[in-house]
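Q: A predicted structure for the sequence below; I have some questions about it.
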Amino acid sequence: MSDVRKIKHKITTRLRGGRPVERVYRSLIRQAVLVTLRSEEVDIPCVVNVLITNDEEIRKYNREYRGIDKATDVLSFPMQSFKHPGWKGLFKIDIDKDTGELPLGDIVISTETVRRQASKYRNTIEHETTFMIIHSVFHLLGYSHDTNFNERTMHNKEKFIMREMGYVE
């Protein structure tokens, strides 16, 4: 079995309009994605794209793809299918033949909603952003919160990662 710490995942981050992301947020997002993928023992190089946007833009995505006409904090667009949640539940490995990487999916996050939630929950923006990215990566890995059991499972995994990253006592 390969050492999952040595797997080279590709995480791209961009701001709405294609502007570069501040180094601190790019680093924070990258770390949250990597720690989550490692916790699930993802042993194939994956690609995760993150778009950082505002409420107006995420509302458009939410309306178009989910039929919900309101802003939200984060959206996940998985590109793989899972028999059951988690890396081991991957239905079929569909690696890009040109790059040798597995396109895992896309994440869209609204800084405006994240800021409001950080204030509401008395978290830092960094804490809230990290949590949203972790939450979204678990969705890319087939996790859901559609039942109480699935919600508890996902929440426990998120809490573990947040603790690993130093955010939860």
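A: That came in fine, so what should we check first?
Q: residue 126 belongs to a helix?
A: Yes. Under DSSP: H, G, I helix; E, B strand; the rest coil, residue 126 falls within a helix.
Q: can you get me a residue count around it?
A: Residue 126 has 16 neighbouring residues, counting by other Cβ atoms under 10 Å. Using the backbone N, CA and C atoms, a C-beta is placed for each residue, glycine as well.
Q: which element is the closest residue to it other than its chain neighbours on?
A: Among residues not flanking residue 126 along the chain, residue 28 sits closest, at 5.9 Å (Cβ to Cβ, 6 or more residues apart in numbering). Here residue 28 sits within helix 23-39, counting by DSSP states H and E.
Q: tell me, how many residues neighbour residue 34?
A: 18.
Q: now swap in the one 4 residues further on and tell me
A: Close neighbours of residue 38, defined as other Cβ under 10 Å, add up to 17.
Q: give me the distance between it and residue 10.
A: 15 Å (Cβ to Cβ, to the nearest Å).
Q: over to residue 58?
A: Look at residue 58 and residue 10: by Cβ to Cβ, they are 23 Å apart.
Q: ditto for residue 37
A: For residue 37 relative to residue 10 (Cβ to Cβ), the value is 11 Å.
Q: neighbour count winner among these two?
A: Comparing residue 37 with residue 10 by other Cβ under 10 Å, the one with more neighbours is residue 37, at 24 against 15.
Q: mind checking pLDDT for the more buried one?
A: Confidence at residue 37, expressed as pLDDT, is 97.
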